[in-house]
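Asks: predicted structure and sequence below. I'll ask about it afterward.
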Amino acid sequence: MGHSIKQSLSLNKVTANKVSLAPALSSKPIETLYIHIPFCHTLCRFCSFHKIKFNEQVAREYFVALRQEIRTVIAQGYQFNRVYIGGGTTTILEDELIKTIELIKSITPIREISCESDPIYFKEGNPQLLKGLVDRMSIGVQSFDDKILKASGRFEKFGSGLQQAEYLNQAIEIIPTVNVDMMYGFDIQTPESVSQDLQHAIRLTPDQITTYPLTVGMGKNKKKAGQLAGNPNALWPQYLAVKNTMAESYNMEFPWTFSRSFGDKVENKYVLDDEDCFGVGSGAFGRFADQFNVSSFDIDHYIKRIQAGLSGTCYTKELTSKSLIQHHLMMMMGHGILDNDLFKTHTGQSLWQAFPIELSFLLSVGALTKDGNNYHTTTAGQFIALKMFSGFLSGMDYLREQARDLPLQQQSIQTA
Ligand SMILES: C[S@@+](CC[C@H](N)C(=O)[O-])C[C@H]1O[C@@H](n2cnc3c(N)ncnc32)[C@H](O)[C@@H]1O
Ligand code: SF4
């Protein structure tokens, strides 16, 4: 699986794009507009996301270019259901963030605006200003255990676990929907300590909790994150601890995302319907249908492209149908139901036509149980979905490594 992810995410055969953004082909809204803010004050040891050390002048120029790119995207007829602002540290220049959200709201209708944040923003920033602008905030806590915060370089930046709990309480008072990111798979964690950590998060009653297995990338991040990671065999008992701890008061949506249980039954919605994503900003990825888009990872280069009227998408790559359906399999297994009719409507193939080897394997190891024409994921199957998810995150890390190394002049050699 890791090998095939690596192959499908290889950027060997990308096409450089040196044209302006083409008008939208359809008036149907794309599910997500992803906006990347690539700045952090200091860098955490495990993190392989695209970010550089904060420099105010560069960051302000960046936000100006970003708003220009967003205006062009909307003017070319693209519409979106929701906006996701990720980083980096999205709140690093609160006034610029607010200006950007206000711009979006003034030029296009949006159902939901979601934004990532570190916890200390709720002490040092002015989060009241985000009222009415941000519907959902995803806050990275990772752990309340000071040993883990110190090992990953977050204690000095964001304070102790207890302090972060205070900041989180404030966030929950201000922001309509709060998600907390937690991590496991560190070498000093045990199933008991993972469970205690999550109990701490649950006591604060955030709407959602995302539990990330620490991912050791395939590129340069491998060494840094690898020093923090525990034995891969320790992940299974830790996953069981996550699942059991969350079960009392949260619904599992995927083996890595949980929502507070309000007694509603989880809808059997076809999860692949809402995956298309258009990325803007330096270091953003986007995907719709079988095309994968990558923006420039060099911030000056990104700003110059936008100023020159070029599309923010610097490179494109056609995705193979094999890599697309593998992603479908991960999402369906994570969701818990492989529904044959829905899959056929969506892809034109039955599950057995699409996954003959995979289904035989998953049934033989007890990862799936048969239910008429459909299949349900067992706990072992959820764990396999989680490992696939971790492989996917690792693949994204590999993609970022390659994208950073793509020569900038490549755009003038090959043109789309
Ligand atoms: C890009 S970060 C942005 C959040 C914000 N800057 C913060 O640190 O609180 C989004 C989330 O990715 C997760 N993450 C980052 N590096 C990871 C890794 N190597 N493995 C698993 N999850 C990771 C963390 O849970 C983090 O909260
Ligand atoms: S985890 Fe968040 S704060 Fe830490 S380096 Fe990554 S983006 Fe920046």
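Replies: Thanks, I have it. Numbering: from 1, shown residues only. Ligands and ions are numbered 1, 2, ... in the order given.
Asks: list the contacts of Ile52.
Replies: Neighbour list for Ile52: 38-40, 299 [criterion: C-beta atoms under 8 Å, 6 or more residues apart in numbering]. In short, each C-beta sits where N, CA and C put it, glycine included.
Asks: meant to ask about Thr369, not that
Replies: Thr369 makes contact with 375-376, 378, according to C-beta under 8 Å, 6+ apart.
Asks: what distance do you get for the nearest residue to Lys51 once chain neighbours are set aside to ligand 2?
Replies: Leaving aside its sequence neighbours, Lys51 sits nearest to Gly88 (C-beta to C-beta, 6 or more residues apart in numbering; 4.2 Å). Computed as C-beta to the nearest ligand atom, to the nearest Å, the Gly88 to ligand 2 distance reads 5 Å.
Asks: what of Gln142?
Replies: Separation of Gln142 from ligand 2 (C-beta to the nearest ligand atom): 8 Å.
Asks: contacting residues around that residue?
Replies: Gln142 is in contact with 148-149, 152, 154, 181-183, counting by C-beta under 8 Å, 6+ apart.
Asks: show me what it bridges to in the sheet.
Replies: Note on Gln142: beta-bridge partners Met182, judged by DSSP bridges.
Asks: pLDDT value on it, please?
Replies: pLDDT recorded at Gln142 is 96.
Asks: I'd say Arg287 and Leu319 touch.
Replies: Yes. Contact status for Arg287 versus Leu319: in contact at 7.3 Å, counting by C-beta atoms under 8 Å.
Asks: which one of these two is surrounded by more residues?
Replies: The neighbour count for Arg287 versus Leu319, taken as other C-beta atoms under 10 Å, is higher for Arg287 (19 against 15).
Asks: using the record's assignment, carve this structure into domains.
Replies: Here the chain is described, according to automatic domain parsing, as comprising the domains 12-272, 322-386.
Asks: lowest-pLDDT helix or strand in this structure?
Replies: Every helix and strand of the chain was ranked by mean pLDDT, DSSP states H and E. The lowest is helix 410-413, at a mean of 39.
Asks: spatially nearest residue to the closest residue to ligand 1 within the chain (excluding sequence neighbours)?
Replies: Among the residues of the chain, Gly140 lies nearest to ligand 1; the distance is 2.2 Å by C-beta to the nearest ligand atom. Counting by C-beta to C-beta, 6+ apart, Gly140 lies nearest to Asp181, which is 4.5 Å off, once chain neighbours are set aside.
Asks: let me know the secondary structure of Ser193.
Replies: Using DSSP: H, G, I helix; E, B strand; the rest coil, the structure places Ser193 in helix.
Asks: check contacts around Leu168.
Replies: 119, 122, 139, 141, 178, 180, 204, 206.
Asks: ok, 10 Å please
Replies: 119, 122, 139, 141, 144, 178, 180, 200-201, 204-206 (C-beta atoms under 10 Å, 6 or more residues apart in numbering).
Asks: by neighbours, which of those residues wins?
Replies: Top of these by neighbour number is Val180, holding 27 neighbours under the definition other C-beta under 10 Å.
Asks: pretty sure that residue sits in a strand.
Replies: Yes. Applying three-state DSSP, one finds Val180 inside a strand.
Asks: measure it to His327 for me?
Replies: 26 Å (C-beta to C-beta, to the nearest Å).
Asks: please apply the same query to Phe46.
Replies: Relative to His327, and taking C-beta to C-beta, Phe46 is found at 24 Å.
Asks: more crowded one of the two?
Replies: Phe46 (26 against 18).
Asks: so that one makes contact with Ser143?
Replies: No. Phe46 is beyond contact range of Ser143, at 11.1 Å (criterion: C-beta atoms under 10 Å).
Asks: identify the contacts common to those two.
Replies: Going by C-beta under 10 Å, 6+ apart, residues that sit against Phe46 and also against Ser143 are 151-152, 154, 183, 186.
Asks: buried ones in the helix ranked longest in the chain, by neighbour count?
Replies: Counting by DSSP state H, the longest helix found in the chain is helix 379-405. In terms of neighbour count (16 or more other C-beta atoms under 10 Å), helix 379-405 has its buried residues at 381-403.
Asks: ok, now stretch 322-330?
Replies: The neighbour-count check on stretch 322-330 (16+ other C-beta under 10 Å) flags 323-330 as buried.
Asks: hmm, back to that, by neighbours, which of the contacts of Gln142 wins?
Replies: Top of those by neighbour number is Arg154, holding 26 neighbours under the definition other C-beta under 10 Å.
Asks: got phi/psi on the closest residue to that one other than its chain neighbours?
Replies: Among residues not flanking Arg154 along the chain, Cys44 sits closest, at 5.7 Å (C-beta to C-beta, 6+ apart). Per-residue torsions, Cys44: phi -80, psi 150 (degrees, to the nearest 10).
Asks: help me confirm that the residue nearest to Lys51 comes into contact with Cys115.
Replies: No. The criterion here is C-beta under 10 Å, and Gly88 misses it with Cys115 at 11.4 Å.
Asks: overlap in contacts, the two.
Replies: Residues touching both Gly88 and Cys115 (C-beta under 10 Å, 6+ apart) are Ile37.
Asks: list the contacts for the most far-flung residue of the chain relative to its centre?
Replies: When each C-alpha in the chain is compared with the mean C-alpha position (C-alpha atoms, centre = their mean), Gly372 comes out farthest, at 33.8 Å. Counting by C-beta under 10 Å, 6+ apart, Gly372 touches Asn340.
Asks: and if you look at the one 5 residues further on?
Replies: Taking C-beta under 10 Å, 6+ apart as the criterion, Thr377 is in contact with 255, 332-338, 362, 367-369, 383-385.
Asks: narrow those residues to those in helices?
Replies: Those of those mapping onto helices are 332-335, 362, 383-385, per DSSP H.
Asks: flag every residue of the stretch 1-150 of the chain that's near ligand 1.
Replies: Within the stretch 1-150 of the chain, the positions adjacent to ligand 1 are 46-49, 87, 89, 116, 118, 140, 142 by C-beta under 6 Å from any ligand atom.
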